[in-house]
Structures are given as structure tokens and as C-alpha cells.
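Asks: Would you be able to build a 3D model of this:
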Amino acid sequence: MASTDSLRSDSTGSETTGTETTGVLPALQMILAENAAVVGRLAADAGAATGLDAVAHRLLAADRVFVLGAGRSGLALRMTAMRLMHLGLVVHVVGDATTPAITATDALLVASGSGSTAGIVRAAETAHALGATVLAFTTAPASPLAGLSDVTVVIPAAQKQDHGGTLSAQYSGGLFEQAVLFAGDAVFHTLWQASGVAADELWPRHANLE
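Replies: Sure, this is the predicted structure:
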């Protein structure tokens with residue numbers, strides 16, 4: 001593997017590694033194109049649009065929102081958790097030391113590309129058994145997670161172990177994780193616009209101990 005130091009610019013400004021010409025901008029264009037394709041497939045699926053709207057409504061109706069995802073999916077959902085907190089919802093990230101017990105009046109928002117990640121499925125089982133609302137982002141509509149969820153949004157992206165490049169040229173679930181971030185931001189934006197609350201009114205909820 002070439003080190004960062006081995007990247008250099010040729011006379012045209014392109015970066016080269018050895019004899020191969022490479023560059024970050026084409027990769028960025030590819031990633032944006034893949035995400036645009038995901039949005040297009042979601043737009044063509046009436047069930048997906050209904051599911052996304054249902055996620056927004058269920059989150060707003062819940063007393064408290066719990067979010068959970070593993071790895072990069074979890075990081076994407078943490079960003080959604082922050083935005084929902086800015087909106088004024090009571091939000092907890094599962095696994096944090098101060099996260100309380102979930103109850104029947106709460107919602108659990110989870111993301112798992114495969115829908116079979118053990119820790120995610122166990123949490124969904126617990127939430128489902130207690131009567132909490134389970135909301136899931138996944139690529140696998142027939143997965144255990146989808147079977148436990150009150151609302152399942154199927155993201156038309158490659159699963160982590162799909163290395164064939166059919167749906168994505170990106171590595172190991174990257175497209176799904178990006179789509180989770182975009183979907184979470186879209187849910188937040190929809191709820192924010194519907195609330196009529198000005199951005200200045202959300203700002204005081206931003207962290208001030210950093």
C-alpha cells in the first residue's frame with residue numbers, strides 16, 4: 001500500500017502513486033453519485049417514503065428516543081441523536097453510562113445493514129418485549145431486526161459483506177452508513193420545518209462545555 005508521502009502531483013496537478021494516476025475528487029464524485037442513486041431508489045419505492053414518514057412521526061410521539069448502532073452505523077445514528085436533542089426531544093444513546101431503562105412509551109431507533117447484528121437484535125428484542133416502538137434502518141427486509149421492528153426502512157445499499165460491487169464500489173457497508181446519516185438528517189429536517197421553530201431557538205441546546 002502506498003503511504004501518504006508517496007502521493008505526489010504530476011504536471012497536470014493530478015496526484016500519482018507509482019505509475020498510476022489517482023485523485024480524491026473522482027472518489028468524491030462516485031460517492032455522491034451512489035448516494036443520489038440510493039435516494040432515487042427510495043423515491044421510487046412508495047413503502048420507503050411511508051416508512052421514513054412513519055419514523056419521523058413515531059420519534060416525535062415517543063416520550064424518549066433511544067438510538068443504537070454498531071460501528072460506523074452507530075456513529076451515524078449518534079449524529080441523528082444530537083440533532084433530535086437540538087430539536088428538544090429527550091434522547092439517549094444506548095451504552096452510555098447515564099442511559100436509563102426503556103419503557104413502553106419510548107422509541108428505539110436502530111441501524112444494522114445485515115439486520116442480524118447480535119447486540120442490535122438483542123436490544124430490539126428487549127424493546128419489543130416491553131412494548132416500546134422499534135424503528136429500524138437496514139438493507140435486509142427479511143432479517144431478524146426487520147421482524148422485530150414496528151417500522152422498517154429498507155435502505156437499497158450494499159451489505160457489509162457484499163464485495164461484488166453490484167450496488168456500491170465503496171468498501172464494507174460505506175454506502176449504507178452514509179445513507180443512514182442522510183436519512184437521519186432528513187428526518188430531523190422534516191420535524192424541524194414542521195415545528196416552525198427558528199434556528200436561533202435551537203441553538204441554546206448546543207453543547208457549551210466543550
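Asks: How many neighbouring residues does Tyr200 have?
Replies: Just so we're on the same page, residue 200 is Asp rather than Tyr. Neighbour count of Asp200, defined by other CB atoms under 10 Å: 7. In short, each C-beta sits where N, CA and C put it, glycine included.
Asks: In which helix or strand does it reside?
Replies: Secondary structure assignment for Asp200, by DSSP states H and E: helix 199-202.
Asks: Report the buried residues of that helix.
Replies: Of the residues in helix 199-202, those buried under the neighbour-count criterion (16 or more other CB atoms under 10 Å) are Leu202.
Asks: How about the most centrally placed residue in the chain: what's its closest non-neighbour residue?
Replies: If you average the C-alpha coordinates of the chain and look for the closest C-alpha using CA atoms, centre = their mean, you land on Val180, 2.1 Å from that point. Leaving out its chain neighbours, the residue that sits closest to Val180 by CB to CB, 6 or more residues apart in numbering is Ala76, at 4.3 Å.
Asks: Got the confidence number for the one you found?
Replies: pLDDT, the model's per-residue confidence, is 95 for Ala76.
Asks: Likewise for Gly18?
Replies: Here the pLDDT value assigned to Gly18 is 47.
Asks: Across the sheet, point out what pairs with the residue nearest to Ala62 when sequence neighbours are not counted.
Replies: When the adjacent residues along the chain are set aside, Ala62 lies closest to Ala107, with 3.7 Å between them (CB to CB, 6+ apart). Listed by DSSP bridges, the beta-bridge partners for Ala107 are Val65, Thr133.
Asks: about what we covered before: what is the helix holding Asp200 packed up against?
Replies: Using 3 or more CB pairs under 8 Å, 6 or more residues apart in numbering; DSSP states H and E as the contact criterion, no helix or strand is in contact with helix 199-202.
Asks: So what's the gap between it and the chain middle?
Replies: When distances are taken as CA atoms, centre = their mean, to the nearest Å, helix 199-202 is centred 24 Å away from the chain's centroid.
Asks: Repeat that for stretch 71-85.
Replies: Averaging C-alpha coordinates over stretch 71-85 and over its chain gives two centres that are 7 Å apart (CA atoms, centre = their mean).
Asks: Can you mark which positions in that stretch are buried?
Replies: 72-74, 76-78, 80-85.
Asks: which SS class is Ala97?
Replies: In the three-state summary, Ala97 is assigned as coil, counting by DSSP: H, G, I helix; E, B strand; the rest coil.
Asks: hmm, back to that, could I get the helix holding Asp200 in CSV with only the CA atoms?
Replies: The C-alpha atoms that make up helix 199-202 are tabulated as CSV, following Å, rounded to 0.1, in the frame of the first residue of the first chain:
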residue,chain,number,x,y,z
ALA,A,199,-32.7,28.1,14.3
ASP,A,200,-31.9,30.6,17.0
GLU,A,201,-34.3,28.8,19.3
LEU,A,202,-32.5,25.5,18.8
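Asks: give me the element Asp53 is part of.
Replies: Using DSSP H and E, Asp53 sits in helix 46-61.
Asks: Show the average pLDDT along that helix.
Replies: 95.
Asks: Buried residues in that helix, which are they?
Replies: By neighbour count, and taking 16+ other CB under 10 Å as the criterion, the buried residues in helix 46-61 are 48, 51-52, 54-56, 58-60.
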